[in-house]
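> Starting from these lines, generate the structure:
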Amino acid sequence: MNERSILWPKISVRAIKIGGEGRRSGGSGAPERGDAGSTPHPTGFPGSLVRPGSDTEGPAPAMVYRRTERTKRHARTKEEAFVRAAHELVAQEGFAGAKVAAVAGVCGVSAGSLYSYFGSRDELLARVFRRAAGRELAAVRAAVDTAPAHPEARLKAFADTFTGRALRGRRLAWSLLFEPVSPAVERERLVYRREYAQLCEGVIREGVAAGLFAPQNAAVSAGAVIGAISEALVGRLSPEVSQKAEVPDEQLVAEIRDFCLRALGRAPS
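So this is what the prediction gives:
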């Protein structure tokens, strides 16, 4: 008995065939490579082998599943489809409307298949929140970065972009800012609130250093500015409250911006 047969050879999947002899079909009858020293079970059952030199039956060596690049791409495509479907539902009906069955329905698959890619509905919705909130933050950041290098102009860009985009996408903005959500999604919300506050804080620090804004704690003021903007939008964004608009959207944007400037100690020009 050679050393290879003692150590159990690697078995080729193609050599295992129900009712067969463990050999290639339609070929020379020679064993597959890697099958030397193995003996098919007398019954021909494909799931077990007899150790060479022994009548003891043992299980076939387990096949190791390796994710190929193709299967990884396929999984990413499936995940992306679920995220896009859930994002669409959140934009239309809020997080409450993005139920597993509804998301699966948009994708044209069974509800259970979603759990092959996400551990829970909360995990999926947290991903949706990160994507949607990330896009909004990126737009505000870009507006601030491309504004004239002047603290007042940069603060205007911050307030106008934040407010204007919220008014143009009211249902999604309500969901991102105010809708009651699970703890997992709420954690994501707090992360993005801090990101907005840090961006605003940097602008306020510049204004204070330049003598354009009153001396103040920039971190505290930034949080207050974010809160003021959000609170001013509650009634206009709420899908539950039918509130008559007292001012047009354009005027509301300007009013919020001017309030922020006054709050920071700068008379709007």
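
> who's in contact with residue 222?
Contacts of residue 222 were listed using CB atoms under 8 Å, 6 or more residues apart in numbering, and they are 197-198, 200-201, 204. Just so you know, the C-beta spots here come from the backbone N, C-alpha and C atoms, and that holds for glycine as well.

> which residues of this protein score low on pLDDT?
Within the chain, the stretches with pLDDT under 70 are 1-67, 242-245, 267-269.

> where exactly do the strands run in it?
In the chain, the strands defined using DSSP state E lie at 39-40, 48-50, 57-59.

> so residue 253 makes contact with residue 161?
No: using CB atoms under 8 Å, residue 253 makes no contact with residue 161, being 9.5 Å away.

> thinking again about what came up before, who wins for most neighbours among the contacts of residue 222?
residue 200 (28 neighbours; other CB atoms under 10 Å).

> ok, now how distant is the closest residue to that residue other than its chain neighbours from residue 201?
Counting by CB to CB, 6 or more residues apart in numbering, residue 222 is the residue found nearest to residue 200 once chain neighbours are left out, at 4.0 Å. Computed as CB to CB, to the nearest Å, the residue 222 to residue 201 distance reads 4 Å.

> Nearest residue to residue 136 in space, please, no chain neighbours.
Nearest residue to residue 136, sequence neighbours excluded (CB to CB, 6+ apart): residue 165, at 6.1 Å.

> Now that the one you found has come up, it's in contact with residue 176, right?
No: taking contacts as CB under 8 Å, residue 165 lies outside contact range of residue 176: 10.4 Å.

> For those two, list the residues in contact with both.
Jointly contacting residue 165 and residue 176 under the rule CB under 8 Å, 6+ apart are residue 136.

> Comparing these two, which residue is more hemmed in?
Higher neighbour count among residue 165 and residue 176: residue 176, with 25 against 16, using other CB under 10 Å.

> Skipping its backbone neighbours, what lies nearest the more buried one in space?
residue 133 (5.5 Å).

> Quick one: residues contacting that neighbour.
Contacts of residue 133 by CB under 8 Å, 6+ apart are 176, 188-189, 192.

> Which parts of the stretch 51-200 of the chain are helices?
Along the stretch 51-200 of the chain, counting by DSSP state H, counting those that start in this stretch, helices occupy 69-93, 100-107, 121-146, 151-168, 170-177, 183-209.

> Pull the contacting residues for the residue lying closest to residue 157 once chain neighbours are set aside.
Nearest residue to residue 157, sequence neighbours excluded (CB to CB, 6+ apart): residue 147, at 3.8 Å. Neighbour list for residue 147: 153-154, 156-157 [criterion: CB under 8 Å, 6+ apart].

> now do 6 Å
153-154, 157 (CB atoms under 6 Å, 6 or more residues apart in numbering).

> same deal with residue 128?
Contacts of residue 128 (CB under 6 Å, 6+ apart): 86-87, 90.

> neighbour-wise, which of the residues you listed leads?
With neighbours taken as other CB under 10 Å, the top of the contacts of residue 128 is residue 86, carrying 29 neighbours.

> For that one, give me its contacts.
Applying CB under 6 Å, 6+ apart to residue 86 gives the contacts 98, 103, 124, 128.

> Same question for residue 94.
Applying CB under 6 Å, 6+ apart to residue 94 gives the contacts 175, 179.

> before we move on, back to that, rebuild the contacts of residue 86 as CSV, extending it with distance to residue 234.
Formatted as CSV, the contacts of residue 86 follow (distance: CB to CB, whole Å):
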residue, distance to residue 234
98, 22
103, 28
124, 27
128, 22
